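*Asks:* Pasting the sequence and the predicted model now:
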Amino acid sequence: MKLIPNMSMLILKQEKEVDHEGLSPPDMVIGKEKGGISAMAAVDKETKDMPERPSITWLIKEVFDALCLEDKVKSNKEGSSEESLEKRCAEACKKRMTQKAISPLGVKGSLEDPAARMAHVYLHFIKNAYLVNSVLSDAYAACTHIPSGTTVFNEVMKAIDWGRLSVFSLGGGPGDDILGVLMFLHRHGFNAKVSGAVADKCGAWEKTMNSIFKSLNSTQGADVKIEKDKLTQQQVYLQNLWRRLDGGIKYHKSDIRAPAYFLQPYSAEAMALAQADIILLPFVVSAIKDNEDCSAALQNVLENMKPGALLIYIDTAKSGCTETINELAYWCGLRRIFFLTEMTFDLPKYEKKEYLERYSKEFEADSVRSAKVASIVFKRPSAACEFERKGRMSDRERKNIQQAQTRLRKKNPSFRFFAPS
Ligand SMILES: C[S@@+](CC[C@H](N)C(=O)[O-])C[C@H]1O[C@@H](n2cnc3c(N)ncnc32)[C@H](O)[C@@H]1O
């Protein structure tokens, strides 16, 4: 039997701009600056100035509209005379920026508060989506041998080739990690439909997540055939992500630390896990690690992964959780197929900081554009370790793999790539 290699530890720093679409350098049209989040009416006008180059930053504006509405409805109902949403969001941003690890605490100590969710989306959504896209792409490149056309991403690639990929995000909040998977598929030209599910203890994320994913489809309600010619390159890109999503994302309000409920036989979450080809765990272990049930909860998940499924772990490099997940995964019989102990990630330049300038003034904080993270991809072993893709690999896919391999080799010449024995 051919073995999947354990990737050596390495320190990787991405200095050069990575083209996340595998396209030529961006040709930008920069949106005009407008003052304050309260100037929401200006958004419609601004969409004319949207970049021609695919950018997902613009999704944030749409979700803020939804959050403003939610907050208005809530304060009308409760008749509360709280500070404005913007002010509370600014407070939440400050609090989150000063916390070492990304924590699930908002202004009122809960993500149920729209201001806390707004702050999380503003600070982390774009960066987290790109991170998942980047880790998946790098791991796929490191685990694929172009000359022989074989890959250790075998079950996942089979699912993609068959046209349906199941993804389950734990503590997924706004679903930025699922967006990252859609970006990965688009980047490589894979046309599989994604069945997505999120399990998070904060029920309020569901609405926020739905409004984000709804805004991917800019022609909602319109006749797509008629409108198609009029779409900008930006809108076409977002629609391409949207059409990979199979009927939205199922949201499960559940506490992953409550083993009496979570993953009980025949529960919806247990089904989602049993079907999942990819399980996503970005910035969640650090959010739950202080609880004594944390290890038992994670073990519960890892033991129930199906053969061939991948677990994508991403967390802050200094969170101290890498050891926890490594040990648990080893204990549960998973194989580590990709491991970067410290990866400095920067958003691509075409996701311009200026797009969010009005919010950075209002919240007195910039959204997070770079992060030092540890990223690991584990696989539950399956009967077949490799998968022949030679005949199926498109030029676009091959080009993306080669680009990522070159980048990884350049950063760390000792990095071990998969090669069939
Ligand atoms: C730091 S946020 C990360 C959110 C998302 N994964 C991302 O990367 O943007 C941590 C998330 O974990 C969720 N969470 C915390 N404890 C949890 C638990 N016991 N069960 C389920 N979700 C939990 C929070 O509600 C929050 O959405």
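*Replies:* Yep, that arrived.

*Asks:* For the stretch 251-400 of the chain, what lies in contact range of the ligand?
*Replies:* Taking C-beta under 6 Å from any ligand atom, the part of the stretch 251-400 of the chain that reaches the ligand is made up of 255, 256, 257, 282, 283, 284, 287, 288. Using the backbone N, CA and C atoms, a C-beta is placed for each residue, glycine as well.

*Asks:* any idea how far the last one is from residue 197?
*Replies:* When distances are taken as C-beta to C-beta, to the nearest Å, residue 288 and residue 197 turn out to be 18 Å apart.

*Asks:* next one: the second one
*Replies:* Separation of residue 256 from residue 197 (C-beta to C-beta): 13 Å.

*Asks:* Show me which of residue 288 and residue 197 is the more surrounded one.
*Replies:* Taking other C-beta atoms under 10 Å, residue 288 and residue 197 do not tie; residue 197 has more neighbours (23 against 20).

*Asks:* that older thread, out of the residues of the stretch 251-400 of the chain next to the ligand, which is nearest to residue 359?
*Replies:* Taking C-beta to C-beta as the measure, residue 359 lies nearest residue 283 of those, at 21.0 Å.

*Asks:* Could you pull out the helices in the stretch 151-300 of the chain for me?
*Replies:* 154-162, 176-188, 205-214, 224-227, 233-243, 268-275, 285-288, 294-303 (DSSP state H, counting those that start in this stretch).

*Asks:* what stretches of the stretch 101-250 of the chain score poorly on pLDDT?
*Replies:* 101-109, 218-229 (pLDDT under 70).

*Asks:* near the ligand, which residues of it show up?
*Replies:* 102, 104, 111, 124, 128, 171-173, 176-177, 200-202, 205.

*Asks:* Looking at those, which are in strands?
*Replies:* Among those, the ones falling in strands (DSSP state E) are residue 200.

*Asks:* Which of the residues of the stretch 101-250 of the chain next to the ligand ranks first by neighbour count?
*Replies:* Counting by other C-beta under 10 Å, top hit in those: residue 177 with 30 neighbours.

*Asks:* so what's it up against?
*Replies:* Neighbour list for residue 177: 128, 129, 132, 169, 280, 282, 312 [criterion: C-beta atoms under 8 Å, 6 or more residues apart in numbering].

*Asks:* Next, give phi and psi for the closest residue to the ligand within the stretch 301-421 of the chain.
*Replies:* When scored by C-beta to the nearest ligand atom, the stretch 301-421 of the chain has residue 314 as its residue closest to the ligand, at 7.8 Å. When read as degrees, to the nearest 10, the backbone of residue 314 gives phi -140, psi 130.

*Asks:* count of neighbours near it?
*Replies:* Neighbours of residue 314 using other C-beta under 10 Å come to 26.

*Asks:* doesn't residue 131 make contact with it?
*Replies:* Yes - the criterion here is C-beta atoms under 8 Å, and residue 314 meets it with residue 131 at 5.8 Å.

*Asks:* who touches both of these two?
*Replies:* Contacts common to residue 314 and residue 131, judged by C-beta under 8 Å, 6+ apart, are 282, 373, 375.

*Asks:* and which of the residues you listed is nearest residue 188?
*Replies:* For the shared contacts of residue 314 and residue 131, the nearest to residue 188 is residue 375 (18.3 Å; C-beta to C-beta).

*Asks:* List the buried residues in the helix or strand hosting residue 400.
*Replies:* Secondary structure from DSSP states H and E places residue 400 in helix 395-411. Buried residues in helix 395-411, counted by 16 or more other C-beta atoms under 10 Å: 397, 400, 401, 404, 405, 407, 408, 411.

*Asks:* Redo those as TSV? Include distance to residue 420.
*Replies:* Shown next, in TSV, are those (distance: C-beta to C-beta, whole Å):
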residue	distance to residue 420
397	18
400	20
401	15
404	19
405	15
407	22
408	18
411	24
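
*Asks:* follow-up on the earlier one: just put the shared contacts of residue 314 and residue 131 in CSV and tack on pLDDT.
*Replies:* Shown next, in CSV, are the shared contacts of residue 314 and residue 131 (pLDDT from 0 to 100):
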residue, pLDDT
282, 94
373, 94
375, 95
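
*Asks:* What sits closest to the residue nearest the centre of the chain if chain neighbours are left out?
*Replies:* For the chain, residue 177 is the residue whose C-alpha lies nearest the centre (C-alpha atoms, centre = their mean; 1.9 Å). Spatial nearest neighbour of residue 177, chain neighbours left out: residue 280 (4.2 Å); criterion: C-beta to C-beta, 6 or more residues apart in numbering.

*Asks:* dump the residue contacts of that neighbour.
*Replies:* Residue 280 sits in contact with 132, 167, 168, 169, 170, 172, 177, 178, 180, 181, 312, where contact means C-beta under 8 Å, 6+ apart.

*Asks:* If it is in a bridge, with which residues?
*Replies:* Going by DSSP bridges, residue 280 is paired in beta bridges with residue 169, residue 312.

*Asks:* same deal with residue 379?
*Replies:* Going by DSSP bridges, residue 379 forms beta bridges with residue 310, residue 335.

*Asks:* my read: it touches residue 309, true?
*Replies:* Yes - between residue 379 and residue 309 there is a contact under C-beta under 8 Å: 7.3 Å.

*Asks:* Could you list which residues are in contact with residue 191?
*Replies:* If you count contacts by C-beta under 8 Å, 6+ apart, then residue 191 has 163, 185, 244 around it.

*Asks:* So it versus residue 309, what's the distance?
*Replies:* 21 Å.

*Asks:* and residue 264, how many neighbours?
*Replies:* 12.

*Asks:* How much space separates the residue lying closest to it once chain neighbours are set aside from residue 65?
*Replies:* Leaving aside its sequence neighbours, residue 264 sits nearest to residue 270 (C-beta to C-beta, 6+ apart; 6.3 Å). According to C-beta to C-beta, residue 270 stands 36 Å off from residue 65.

*Asks:* Would you mind writing the CA trace of the longest helix seen in the chain as CSV?
*Replies:* Longest helix in the chain by number of residues (criterion: DSSP state H): helix 59-78. The C-alpha trace of helix 59-78 is given here as CSV (Å, rounded to 0.1, in the frame of the first residue of the first chain):
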residue,chain,number,x,y,z
LEU,A,59,-20.6,41.4,0.1
ILE,A,60,-20.0,43.1,3.4
LYS,A,61,-22.0,46.1,2.4
GLU,A,62,-25.0,44.0,1.7
VAL,A,63,-24.9,42.1,4.9
PHE,A,64,-24.5,45.4,6.9
ASP,A,65,-27.8,46.5,5.3
ALA,A,66,-29.5,43.4,6.6
LEU,A,67,-27.9,43.8,10.1
CYS,A,68,-29.0,47.4,10.3
LEU,A,69,-32.6,46.3,9.5
GLU,A,70,-32.4,43.5,12.1
ASP,A,71,-31.2,45.9,14.7
LYS,A,72,-33.9,48.5,13.9
VAL,A,73,-36.6,45.9,14.1
LYS,A,74,-35.2,44.7,17.4
SER,A,75,-35.0,48.1,19.0
ASN,A,76,-38.5,49.0,17.7
LYS,A,77,-39.9,45.9,19.3
GLU,A,78,-38.1,46.2,22.5
